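A.B. asks: here's a sequence, model it:
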Amino acid sequence: MQQRNTTLGEFIIEKQTEFQYTSGELSKLFNAIRLAAKVVNHEVNKAGLVDILGAAGDTNVQGEDQQKLDVLANDKFIQTLKNREIVCGIGSEEEDDFIAVNSSDEQDQNKYIVLMDPLDGSSNIDVNVSVGTIFSIYRRITPIGSPVQLEDFLQPGIKQVAAGYIIYGTSTMLVYTTGHGVNGFTLNPAIGTFYLSHPNMKFPETGKIYSVNEGNYIHFPKGVKDYIKYCQEEEDDRPYTSRYIGSLVADFHRNMIKGGIYLYPESSLWPSGKLRLLYECNPMAFLAEQAGAKATDGFRRIMEIEPTELHQRVPFFCGSKKMVEKAEEFMARNA
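C.D. replies: Okay, here's the model as predicted:
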C-alpha cells in the first residue's frame, strides 16, 4: 500500500510505466488539471464572500442557465490546458463546439483531447453543497500536426487513456484512473499539495444506497419504477436508503466508498436521458469499471456506445455491480 505522504506528482512519476505512451506526457496533463483544480477550489471556497454566486445570465448549448462559477471554471481549465501545450483540442459541456488548440511550435506534436464538465452540480453552489469537475482524456486519431477534427472527439469510452474528477467538498479530492485501478488524492490547502489518501479505490460489490431524483418518478419508464419499488421493499437486506445530492460527482463518490447505485434514466422529460455521454457518463463509467463496478444505459455498456455528437445524452445506470445488474433485470422485463 502506498504511504499516506505520497504526493500526486510523485505517484504519477512512479506509475509512468502504466501509461502506455510517452513518459512525461501524463505528468504534463495532470499538472495542468491539478493547477486549474486548485484555482477553482479557491474560488468555490470563497463563493459566499465575493460576487460569483448565482446565474451568469447566459445559457449553455443545452439551454441550461449558466452559473457564474460555471463560466469561471470553464475559463480556468481551458486557459490552463492551453498554456501547458500538451493538448490539441478541448471539448467542454459549456461550449457550443470543440476548441482547437494550436501549439506555438511549428511542428505541433500535441496528441491529446480533453473533454470536461468544468463544474458539475453548479446549481448547488448557492446552498453550499459539494460540486465537482469531471474530465476525460483521449489520444487524437487524426494525423499529428493537422487541424483537430470532430472525429477526434467522437470516440467511444473504451478509447479513453485517462479519466477522473475533482470533488470540492469538506475536503478537495482528485480521483483518477489510467486503466490501472482508481486512486484518490486529498488537497492539503495549507501547502497546495495533493496527497494520496485513498489508494486502490473499489466499489463494494453491492450496497444499500440508491441515488435517483424521485421527484421525476411519474416520468420514468416502468422498469425504473419497478426497480425503485424493489429498493423500497422490506425484504432480505432491503429497504435501501435513498440518497440523492444532485451533483453526479458527489453521488458517485459516496456510492464508490459506501456501495450504491446512481440512476439518471430516460424519461418523458428527457427521452434520451439527461447526462452527457462524453463529458459525464464515459469518464464516470471508466472510473466505475476500474473500481470493480458497472455502468450501462440500462441495456448497453456505456463505454461501447459510439458517440454521434458532442453533446449527446444517454440514460445512466452506474454503481455497485450487483445493484446495476438487478436494475438491468427490471429494464429487460419491460423492454
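A.B. asks: drop to CA atoms for contacts and neighbour counts, all remaining ones
C.D. replies: Will do.
A.B. asks: direction included, what does the helix or strand hosting residue 133 pair against?
C.D. replies: With the criterion set as DSSP states H and E, the secondary-structure element containing residue 133 is strand 131-139. Strands adjacent to strand 131-139 in the sheet, as given by DSSP bridges, are strand 112-120 (antiparallel), strand 162-168 (antiparallel).
A.B. asks: using CSV, write out the CA atom coordinates for that strand.
C.D. replies: Coordinates of each C-alpha in strand 131-139 appear next as CSV, following Å, rounded to 0.1, in the frame of the first residue of the first chain:
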residue,chain,number,x,y,z
VAL,A,131,-19.7,20.2,-6.6
GLY,A,132,-17.0,18.8,-8.9
THR,A,133,-15.1,18.8,-12.1
ILE,A,134,-15.2,15.7,-14.5
PHE,A,135,-12.5,15.1,-17.1
SER,A,136,-11.8,12.6,-19.8
ILE,A,137,-8.6,12.2,-21.9
TYR,A,138,-8.2,10.6,-25.3
ARG,A,139,-5.4,10.4,-27.9
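A.B. asks: contact partners for the residue at minimal distance from the centre of the chain?
C.D. replies: Centrality entry for the chain: nearest residue to the mean C-alpha point is residue 134, 3.4 Å, by CA atoms, centre = their mean. Taking CA atoms under 8 Å, 6 or more residues apart in numbering, we find residue 134 in contact with 116-120, 163-166, 249, 279-280, 283.
A.B. asks: among those, who's most crowded?
C.D. replies: In terms of neighbour count, residue 118 stands highest of these at 31 neighbours, by other CA atoms under 10 Å.
A.B. asks: residues contacting it?
C.D. replies: 70, 73, 74, 77, 92, 93, 94, 132, 133, 134, 135.
A.B. asks: re the thing from before, beta partners for the residue nearest to the centre of the chain?
C.D. replies: Beta bridges link residue 134 to residue 117, residue 165, judged by DSSP bridges.
A.B. asks: any idea how far it lies from residue 249?
C.D. replies: Taking CA to CA, to the nearest Å as the criterion, residue 134 is separated from residue 249 by 8 Å.
A.B. asks: which neighbours do those two share?
C.D. replies: Shared contacts of residue 134 and residue 249 (CA under 8 Å, 6+ apart): 120, 165, 166.
A.B. asks: would you list every one of the helices in this protein?
C.D. replies: Ranges of helices within the chain are 8-14, 25-45, 68-84, 150-153, 222-232, 248-258, 282-290, 321-333, based on DSSP state H.
A.B. asks: those: which one's closest to residue 190?
C.D. replies: Proximity to residue 190 (CA to CA) singles out helix 25-45 among the helices of the chain, at 11.8 Å.
A.B. asks: what about that closest one, average pLDDT?
C.D. replies: pLDDT averaged over helix 25-45 equals 87, rounded to a whole number.
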